[in-house]
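Engineer: Predicted structure and sequence below. I'll ask about it afterward.
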Amino acid sequence: MSDPTEITWIESNYSQYVIFGCGVLAIVWGAVNAMFVKNVQLDSEKIYPNTNEDDKKDEAYAAMMPWTSEGCRERMEEINVMIKEGAITFLKKEYLALTIYCTFFSLVIMAAVDMPWAEGYQSVPFTMISFIVGAATSMLCGYIGMKIATDANVKVTYLCNTDINDGFIVAFQGGEVLGFCLVGISIVILEILILIYKASLAPGTLRETEYLFEAISGYGLGGSTVALFGRVGGGIYTKAADVGADLAGKVDGALPEDSPKNPGTIADNVGDNVGDIAGMGADLFGSLAESTCAALVVSSTSANIVNHADAIYFPLVVTSAGIVASFLCQFLAYVKSGNTEFKLKVQLWVSTILMSVMLIPCI
């Protein structure tokens, strides 16, 4: 049992402005990049599929993939629609199963933590609510990632046939949507939960403050639960589709990788989106929520930290500083000189140095 030391939680507008300001900035910038990707038009006449003459002479293959720039664009969009519909269908089924599981698991959490026989009992099941909010946020982040990926994939593929730099920019903008929206949504919702719980519980001792943040930790648990199913379930699906397409195409049909003659490649690409994009988005959110909640729980055990709001909000302020550093460094991707690898390496080094410097005022 912790020492029931009385504490005075000093409010600080500085922390609130930084956290909410940076969180909203991230969400808005993610939405702006989503608009950029959506507005990309596939109207170039310079695209010609890279294939060999034997495939061009194959009548069935030619009917499937017309060898004109306009026909190729239309075929790309048709395939993309099939992949998008498959990914959405998979997520609906997966999220339905996850909703059922999370509903039962939330009842287990309430029975174990939020009932009268549990220490720190409150009439409101705060931990269960945190868990549900975290699970819902994780699902939202996974859906955002899958949605922007299925919109950007065909545009990146098309543009890379005309200008590799244009394709890289659209791919980069698509990645920014998930990255910025995920972090912005997670810290804004977490900060709102903290403020609501603080107003409801009104902690006056160190132990009561510990209980507050232990209840908040359900937020990270909810994110991790969805990430487990999203990453593993989506990964199993994408690997099964990948192996199935390869066995059917390469072994039985002697077809090259991702050949349009092999319908299994549609399932393969659906799996890539739901596993590597939606699953990864949920996984990233789970990692962020877990680490932040863990830091908050540890911080709540110290009276010196709890008595200073800026100190107890430090994990969220660090994440906010990371948003600003990422926002500044993302402009380096638009520099014309250098190849893709060079641009990404420069961003990595500059963002590391900038983030290190920005931590100084946070302390």
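Structural biologist: Arrived safely, thanks for sending.
Engineer: Find the helix or strand that the residue nearest to A87 when sequence neighbours are not counted is a member of.
Structural biologist: Excluding its sequence neighbours, the residue lying closest to A87 (CB to CB, 6 or more residues apart in numbering) is N273, at 4.4 Å. The way it works is simple: take the backbone N, C-alpha and C, and place the C-beta from them, glycine included. Assigned by DSSP states H and E, N273 belongs to helix 264-273.
Engineer: how far does that helix sit from the chain's center?
Structural biologist: 20 Å (CA atoms, centre = their mean, to the nearest Å).
Engineer: Quick check: buried residues in whichever helix or strand comes after it?
Structural biologist: Sequence-wise, the next helix or strand downstream of helix 264-273 (DSSP H and E) is helix 279-299. By neighbour count with 16 or more other CB atoms under 10 Å, helix 279-299 contains the buried residues 279-286, 288-290, 292-293, 295-297, 299.
Engineer: if we can go back for a sec, the helix holding N273 packs against which elements?
Structural biologist: If contacts are counted by 3 or more CB pairs under 8 Å, 6 or more residues apart in numbering; DSSP states H and E, helix 264-273 sits against helix 69-113, helix 126-160, helix 218-246.
Engineer: Now tabulate the ones you listed in a markdown table and tack on mean neighbour count.
Structural biologist: Listed next are the helices and strands packed on helix 264-273 as a markdown table, based on neighbours: other CB atoms under 10 Å:
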| stretch | mean neighbour count |
| --- | --- |
| helix 69-113 | 16 |
| helix 126-160 | 23 |
| helix 218-246 | 21 |
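Engineer: Let's have these in TSV, adding mean pLDDT and distance to V18.
Structural biologist: What follows is these, written out as TSV (pLDDT from 0 to 100; distance: least, CB to CB, whole Å):
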stretch	mean pLDDT	distance to V18
helix 69-113	84	31
helix 126-160	89	21
helix 218-246	82	20
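Engineer: What's the per-residue pLDDT of A118 here?
Structural biologist: You'll see A118 listed with a pLDDT of 57.
Engineer: what's the distance between T205 and K198?
Structural biologist: Distance, T205 to K198, using CB to CB, to the nearest Å: 14 Å.
Engineer: Ok, I27 next?
Structural biologist: In terms of CB to CB, I27 sits 23 Å off from K198.
Engineer: ok, back up a step: extract the CA atoms of the helix holding N273 and return them as CSV.
Structural biologist: Presented in CSV, the C-alpha positions along helix 264-273 are these (Å, rounded to 0.1, in the frame of the first residue of the first chain):
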residue,chain,number,x,y,z
GLY,A,264,-5.2,-15.2,-56.1
THR,A,265,-3.2,-12.0,-56.3
ILE,A,266,-6.3,-10.1,-55.4
ALA,A,267,-6.6,-11.9,-52.1
ASP,A,268,-2.8,-11.5,-51.6
ASN,A,269,-3.1,-7.7,-52.0
VAL,A,270,-6.2,-7.6,-49.7
GLY,A,271,-4.1,-9.4,-47.1
ASP,A,272,-1.2,-6.9,-47.5
ASN,A,273,-3.6,-4.0,-46.7
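Engineer: so it versus helix 69-113, what angle?
Structural biologist: With axes from the mean of the first three to the mean of the last three CA atoms, to 10 degrees applied, the angle from helix 264-273 to helix 69-113 works out at 50 degrees.
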